[in-house]
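*Asks:* sequence unavailable; structure follows:
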């Protein structure tokens, strides 16, 4: 048994609130962190790498895995299935490694109610304002006005589920938000439930007591 | 409403594991922290100050407060009553101030099951070994061999309840343990449930959405 059990770290936010940057920084800060790569039944787009961008799967296999409880969460979007495979997450946390999930509120809720719920740490990132959210989406310069309008609509749905998370950060300042996120992860690793190695320590204390009493 | 709701920070450990030193450092680190002064029905000892060492109370008043739900926890020890009055704790956490409790496992369990349970952060401090625990008790040079033997006996009872706490620290090194404790408190203050001010922020975001849609 390792000293520590890994956490399932869930980061959610509307598009543009800073979730991807915070994820990237977290992975740079602690290279032992694993990023959960989603599975999907949609066809790979040019440049997408299997196992890195997605685990590309046949629909039959995907459905089989769902029924067998091998997907921590899954959704059906525009005719394609998406999900988070259980096996790599279970292997990582048993080896004492945290797994990072960059997912929306539906996925977060499913994982928070899954068999691994006791190891979930969920964080929601709110924008300082909607005007700022829009500004960030526009300043990327990579999306059409139509795509941005669609993202803005979707962001209300996402924000309205902020109250299902353990922690909430208002991302006014990226450095400060990252510092808070790092503090949260560092603290949550110290939870009793995350430290199965403590039991050995308490057993040793008990042995010492017995020797004194003998 | 304040932006933040205070926490009930419970520190427990066997005598000699470092709880008092960690409490003292925590209070120095953040002077806004309030220390919960216990109430008792026993007579003041020479030098003890009412309201600082204890709130000295008549037994009738104490029992009345217990029945009225005005004690967060209480116990009857060697013919005297001891307890943690609710009112100052409630006032502090509503004003956004954390309250620190230096209590044993029975008190910790009662507070963790009280009406304020959602705001409890409980931390248990384990010694690195029983030999080290004894060494620390002896090196204080203030207690007789008999008192130390009694404390050692009581410490088993205390340690055996380590698994009822949110966080557990093995106090090998006081500086490191304090750093961990500080990280835990800083993180727990960021919990959604501790930040009632977030609701106003989300209401403002909602208003902005309405103006955009109008």
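*Replies:* Happy to help now that I have it. Note that this is a predicted model, so its numbers are computed, not measured.

*Asks:* when you work out contacts or count neighbours from here on, use the C-alpha atoms and nothing else.
*Replies:* OK.

*Asks:* what residues does chain A put near chain B?
*Replies:* Selection of chain A residues close to chain B by Cα under 8 Å from any Cα of the partner chain yields A:129-131, A:156, A:159, A:163, A:165-169, A:180, A:183-184, A:186-188, A:190-193, A:202, A:204-206, A:208-209.

*Asks:* of those, buried ones?
*Replies:* Taking 16 or more other Cα atoms under 10 Å in any protein chain shown as the criterion, what is buried in the residues of chain A next to chain B is A:129-130, A:159, A:165-169, A:180, A:183-184, A:187-188, A:190-193, A:202, A:205-206, A:209.

*Asks:* tell me where chain A has helices.
*Replies:* With DSSP state H, the ranges of helices along chain A come out as A:19-29, A:59-67, A:86-94, A:105-112, A:130-139, A:145-159, A:174-188, A:198-213.

*Asks:* hang on, residue A:81 packs against residue A:54?
*Replies:* No. Counting by Cα atoms under 8 Å, residue A:81 stays clear of residue A:54, with 11.7 Å between them.

*Asks:* any residues in contact with both of these two?
*Replies:* residue A:40 (Cα atoms under 8 Å, 6 or more residues apart in numbering or on different chains).

*Asks:* contacts only, for residue A:50.
*Replies:* Going by Cα under 8 Å, 6+ apart, residue A:50 touches A:44, A:56.

*Asks:* tell me the confidence at it?
*Replies:* If you check residue A:50, the pLDDT there is 96.

*Asks:* now do the one 5 residues further on
*Replies:* According to the prediction, residue A:55 has pLDDT 96.

*Asks:* now the closest residue to it other than its chain neighbours: how far from residue B:25?
*Replies:* Ranked by Cα to Cα, 6 or more residues apart in numbering or on different chains and with sequence neighbours excluded, the top spatial neighbour of residue A:55 is residue A:39, at 4.3 Å. Using Cα to Cα, to the nearest Å, residue A:39 is found at 48 Å from residue B:25.

*Asks:* check residue A:121 too.
*Replies:* From residue A:121 to residue B:25 the distance is 28 Å (Cα to Cα).

*Asks:* out of the two, which sits in the busier spot?
*Replies:* More crowded of residue A:121 and residue B:25, by other Cα atoms under 10 Å in any protein chain shown: residue A:121, with 21 against 15.

*Asks:* which stretches of chain A have low pLDDT?
*Replies:* A:1-2 (pLDDT under 70).

*Asks:* ramachandran angles for residue A:189?
*Replies:* Phi and psi for residue A:189, reported as degrees, to the nearest 10, are phi -70, psi -20.

*Asks:* pretty sure it sits against residue A:7.
*Replies:* Yes. Counting by Cα under 8 Å, residue A:7 is a contact partner of residue A:189 at 7.4 Å.

*Asks:* more crowded one of these two?
*Replies:* Using other Cα under 10 Å as the criterion, residue A:189 and residue A:7 rank with residue A:7 on top: 27 against 21.

*Asks:* which ones are touching the more buried one?
*Replies:* Neighbour list for residue A:7: A:93, A:97-99, A:119-121, A:189, A:194 [criterion: Cα under 8 Å, 6+ apart].

*Asks:* excluding covalently adjacent residues, which one is nearest to it?
*Replies:* Per Cα to Cα, 6+ apart, closest to residue A:7 is residue A:98, 4.5 Å.

*Asks:* how many residues are close by the one you found?
*Replies:* Residue A:98 has 26 neighbours, counted by other Cα under 10 Å.

*Asks:* with residue A:172 instead?
*Replies:* 15.

*Asks:* with residue A:201 instead?
*Replies:* Residue A:201: 16 neighbours (other Cα under 10 Å).
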